[in-house]
Structure formats: C-alpha cells, structure tokens
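**Q** Quick one, structure for this:
(chains A and B)
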Amino acid sequence: MKILIIEDEKALLDSILGYFIGEGNICETASNYQLVSEKIALYSYDCILLDLSLPDGEGLALLAALKKMKKKDGVLIISARHSLDSKLEGLDLGADDYLVKPFHLSELKARVTAIVRRKNFDGDNIITFNEISVDVLSKNITVNEKRITLTRKEFDLLIYFLANKGKVVTKNAMAEHLWGDEMDITDDFDFIYTHVKNLRRKLLEAGSQDYMRSLYGIGYKFGAI
Amino acid sequence: MKLAERYNRANLLASLVMLIITGIIYYTVIHFILTDKLDRDLEVEENEIRHYVSAYQRLPLASSYLDQQVHYKEIKGGYNIASEFSYTTYFNAKENEEEPGRSLMTTVNLGEKTFEVVITKSRVEFEDLARIILLITLGVTVMLLVVLMLINSLVLNRLWKPFYTLLGQMKSFDVSRIDNIGQDPTGIAEFRELNTSVNAMAARVRKDYKELKSFTDNASHEMMTPLAVINSKLDSLLQTGAFTIEQGALLEDIYNAIGRLFRLNQSLLLLAKIENNLIPDLQEIDMKEMLEGKISQFQELFEKDGLSISLAIAPSTVRMSRYLADILLNNLIGNAVRHNNANGSIEFRLDSESMQVINTGKDFELNNQLFERFAKSVSSEGTGLGLAISKQICVLYGFSINYENHQGRHCFSVTFSKQAQPTELLHN
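**A** Modelled structure (predicted):
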C-alpha cells in the first residue's frame, strides 16, 4: 500500500516509517503544511496519516482541502488532542479513523490496514496469509479451505496479527486493542494468553502451521518462521 | 457578631452609663434646689417669729400645722447659737407617722430669757416631687433610646443591604461562570467602591484561571508527543532482534509506566473538562442495559481473579452523558476488581434511585477522603484519580456518591437525583 505520513515530530515520523516500510509498502513523509498540500494535490495514497498540529497550519484544513478535491484517499488522524470535539470534527470532515497519541505502532498498523482494506474493497474483502484465509465481512475463516469457528476476541486477534505479521506485538497493545480503555485497571495482561492459546490451538487443529510465537515474555509474533 | 449588633451593643452600653450618670446628677441637682427652697421657707418662718417677738415682746404660740411645726425651749444660762439647718423627722399627726423633715434650729432673745426655736417642715412633698420629675425624665430618655435603636436597626439594615447582596454573590462566585458580581445599584460611596473592587478582582481571577487552564491543557497535550515518541521507539526497539526474558521484563515495565503516565494525563484532562462541564452529550441512558454490558465486558477480569458476581438489577433510566456514564461504571467496577481479594465477590445493585457496587477486599476502614485527588493506597496501581473523577461526574449531575464499610465489605453507592441538571457553565 501507498502511505503518506504527515507528522512534524521527526523521531515519531522515523518510528512510523520504520514500522510500515517493507512488505511492498511505499511510504512518503511530510512534516509541514506546504509540502503536504502539494503532495496530496499531485498524488493519490491508499492512506494518509495526518497529524493535526503542524508547525505551519492546522491538519483539519488539509483534510477539508482533500475532501474538496474529491480524493478517495483514506485518512487516519493522529492527534495529541484527546477531546471528543476534535475527534468528532475530524470524523465529520471525512476522516476514516482517529488515533490519540501515544499509540502502539501495531495499533496504528492494524487501523491503517483496515482503512486500506475498506478502500480497496472490490467485492471480496478477504485477507489471505499462506493457508489462512479470512473474509472480514462474513467473518468466515478457513485454513486449507477448512472452516474454523472463532470467538469474537479470537477473530479480532487474528486480524490484528495478520495486520502486524512479522512484528513483535506487545500484550499491552493487544489488550488495548481488544478491550479498549477498560484495561486501565490492570497492568497484568496474562489473560491475553488464554485467547492467544485458544486461537493457536484452533488454527493448528485445522492444519495450519504454527505461526505464533511468544517472545521475551512481553508479547507475540505472528509470521512465517 | 454582626457589625450592627456590635455597634448597637456599644451604643446601648454607652447610653446606659450616660443614663445612670444623668440620673444621679439630675436627682442631686433637683434635691439641692428643693432643699434650698425649703430652707428659704424656714428662714421666712424664722423672720416672722423674730418680727413677732420684737413687735409683741412675746413668743408666738407653738404651732403644729400639717406641714410645719414650731417648738420653743428656754435655754438656761442664756447664750445664743447660730441658725442651723438639719434633716430630721417630722411627726405627721394626721397620718400618725414619722415623715422625713427639715429643721431650722435658732435662738431668740425675749428680755433676759433666751429661747431655742425649732421649726420643722415636712420633706415628703419635696421628695415626691423630686422623684416624679426624675421618673418622668428617665422615662422619656428610655423611650427616646428605644425609638432611636429601632430606627437605627431599620436604617442600618437597609443601609447594609447592598453589602449583604454583594456578599451573597461573592459566596456563590464560581470562577468558571461568566456572570458578574454585585450589580445592585447603591448610593453609598463605600459600597460602590467595594462593588467595583470585587468585580475587578473577579475579572482578574477569571483571567488567571483561564490562562492556567489553557496552560494546563496545552502542557498536557504537549506531553503526549514525547510519550508517543517513547512508545513508538520501544515498539521499534522490540522489532530489532532477540531479547532475553530479563530485557523483556524491563521493557514491559517501561511500557506499563508509559501507559500509566498516559492515563494520568488523560484523567487530569478529563477531570478539568468535567469540572467545566465541557462534555455536553446529555441523554437518557438505560443504566440496566449499560451496567449489564459492562459486566459482560469485564467478565474476563472477574474470571482471572476468581471473583463471584451477584446481581440485583432493576430497570433504571438516568439522564447524563453516555461517555461519562461509561467512565463512571468503568471506575467503580475497576476499583471493585482491583481492590478485591482473590476468590472474592462483587455485588451489583441497581434500581431507579441508586446504584451500589459492593465488593470484598482488604479489611480496612476507608473514609470519604478517598474521593480526593491522588488519594490512593500505596499498593494501588491506579492513577489515584478514578474516584475523584467519579465524584466530579456525580457532582455535575447532582448525584451523590458515598462510601460505606458493611462488615468488611466496601460499598460504593451512587444516588441518582432526577431533578438536578448540570448548570450552564462557561464554555471556553
């Protein structure tokens, strides 16, 4: 996928870039309003990661300009402003999603992947990874053409893993993704383990390879060995 | 003590002292004047006796009238004494009783003989007169004082009215409200000045508050960017290669600390927003549905600690923000889980009036201080703001939230009030 990353904080920009690059992704970056307006006018992207506070302009204005040009680029807003208002304003202007800083890179990737998948949806919204195939709309999962049944959490987890394949995903990030803010109340994410274990068992029983590995006691990695 | 009260007290005390002194002086003066008059009457009588003696060469008859008695007594040896006034008693034959009297003792010479003459007059009437005059004077003075005090208190009350109005407005002054203080028109220069000063002060306070608020707001947001950098760098670091379990544990601790810092920041911002009523999506909320949804959401957490759940939930509708209702439930349920024992229990009760979350936990008495910001036990992993936020949410909607200890079980109850609506506050 082709992604434009708009972020004025260089260190953060580098991290995002580092995480997204590879797998045939094309990433471009921009860190000021002027450059961004030029880029979005000239090119099209699968997804634009838009930081709302740029040194020389307001990110929402870029979004408005993009919509005015009737561009179909997906837009994910990244903002340090955790206020309902700016979130609603962003979504009203046509952003596809809104992510508040600080975030986990795995979460960002999962959301971007979801946006791009929705944008490029052409009849079959299917993610395929080796022998695993997931129809996101009908929630049909097959391994070697054999259907398996997953719980809601296991399904979400699988999608999350597929979006972040080859990456180490922390338990914290997974917990936040699956349960949201409720996870505030505990730092002990070991119960994630139950879901991972169940998902892994179901995939293995259906004849899939073992793609999941627990790493350093801190998270998991999904990918071909 | 009120100003008017203290003023009146001083006034009364001074008046009383003055009254007593005046009374004493008055009585003394009247007494002196009347005695003087009596003495002159006695002298007139004496002169008449002397005239009589020199004209007829004999003593007039000893007489005893109602108010005057004259006695003679021959003095052997014959010497004259000077006239002398004295207070004596006077025997009133008619009333048959002793009365106070005034006597003049003198001598007259009749040929070779010397007679002592004692003229006595009753003092009763003079005393009565003095007393009546004194009483009338005192009476009028007391009446005057009473009237003065009444007028004083009436006028003072009216004069001080602008002051009390201003005071009332200052008491209800809320730094986040836009309304001004003290618009009561008053002709009194001091109060006008007070009005102006108070309004100027309020404006200053409001400005400072606004600046502080926007500073806090900006500072909180600015903090998020470095946090985002740290978090993303950790995520990137994690992809770089193999780590040992020890390094993994270190990384996990850093992640957790960042998460806590983030939540802390978020909570502070949220708290500020609730206090300023910046969360407007007021709506009817089916509490029963929401609570049941939450309980199923938390199911895994309950199971993790082996907590048993009991429910007594009746339909209940509450008018509030869905966002805040969500936070309130999260906080209460989160606390019940976090501060519970392994294999403990949580009991949820809901009816149209109130909601209770009762959980087992460490056996200690808590007090209502736990609703304060950053009030938390040493072992708590929370931000110390959860209950402060819950309290603030309840305050916003006029609910009350209370903590009780029921035989070692911790009970948090929220009492909904249907009437109260959040006051319209300054939106900025």
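**Q** Counting by contacts, list what the strand or helix carrying residue B:225 packs against.
**A** If you go by DSSP states H and E, residue B:225 is part of helix B:189-238. Here helix B:189-238 touches helix A:10-20, helix A:105-119, strand A:168-170, helix B:124-171, helix B:245-275, going by 3 or more CB pairs under 8 Å, 6 or more residues apart in numbering or on different chains; DSSP states H and E. The way it works is simple: take the backbone N, C-alpha and C, and place the C-beta from them, glycine included.
**Q** how many other residues sit next to the residue of the stretch 1-150 of chain B found nearest chain A?
**A** Residue of the stretch 1-150 of chain B nearest chain A, by CB to the nearest CB: residue B:2 (48.2 Å). Number of residues near residue B:2 (other CB atoms under 10 Å in any protein chain shown) recorded here: 9.
**Q** From residue B:155, how far out is it?
**A** Taking CB to CB, to the nearest Å as the measure, residue B:2 falls 15 Å from residue B:155.
**Q** same question, residue A:24
**A** In terms of CB to CB, residue A:24 sits 92 Å off from residue B:155.
**Q** Which single residue in chain A comes nearest to chain B?
**A** For chain A, CB to the nearest CB, closest residue to chain B: residue A:216, 2.8 Å.
**Q** OK, contacts around that residue?
**A** A:168, B:243-245, B:247-248, B:251 (CB atoms under 8 Å, 6 or more residues apart in numbering or on different chains).
**Q** Please pull up the helix or strand immediately following the top strand by length along chain B.
**A** Counting residues, the longest strand found in chain B (DSSP state E) is strand B:97-110. Moving toward the C-terminus from strand B:97-110, the next helix or strand (DSSP H and E) is strand B:113-122.
**Q** Next, count neighbours for the residue in the stretch 101-250 of chain B that chain A sits nearest to.
**A** The stretch 101-250 of chain B approaches chain A most closely through residue B:248 (2.8 Å), counting by CB to the nearest CB. By the measure other CB under 10 Å, the count of residues near residue B:248 is 19.
**Q** same check, this time on residue B:211
**A** 10.
**Q** and the closest residue to residue A:150 other than its chain neighbours, which of the three is it?
**A** Nearest non-adjacent residue to residue A:150, counting by CB to CB, 6 or more residues apart in numbering or on different chains: residue A:141, 6.0 Å away. Here residue A:141 is strand, with the state taken from DSSP: H, G, I helix; E, B strand; the rest coil.
**Q** circling back: tell me the one of the contacts of residue A:216 nearest residue A:200?
**A** residue A:168 (16.1 Å; CB to CB).
**Q** what's across from that closest one in the sheet?
**A** residue A:221 (DSSP bridges).
**Q** Partner strands of whichever strand or helix holds residue B:357 and their direction?
**A** Assessed by DSSP H and E, residue B:357 sits inside strand B:354-359. With DSSP bridges as the test, strand B:354-359 is paired with strand B:345-350 (antiparallel), strand B:409-415 (antiparallel).
**Q** domain ranges for chain A?
**A** If you go by automatic domain parsing, the domain ranges for chain A are A:2-119, A:126-222.
**Q** which secondary structure elements does the helix-or-strand element of chain A with minimal mean pLDDT contact?
**A** When each helix and strand of chain A is scored by mean pLDDT, DSSP states H and E, helix A:84-92 comes last, with a mean of 74. Counting contacts by 3+ CB pairs under 8 Å, 6+ apart, helix A:84-92 is packed against helix A:59-68, strand A:74-79, strand A:97-100.
**Q** near chain B, anything from the first one?
**A** No - contact between helix A:59-68 and chain B is absent, the nearest approach being 13.6 Å (criterion: CB under 8 Å from any CB of the partner chain).
**Q** pLDDT at the closest residue to residue B:27 other than its chain neighbours, what is it?
**A** Nearest residue to residue B:27 in three dimensions, chain neighbours excluded: residue B:134, at 5.4 Å (CB to CB, 6+ apart). Note for residue B:134: predicted pLDDT of 81.
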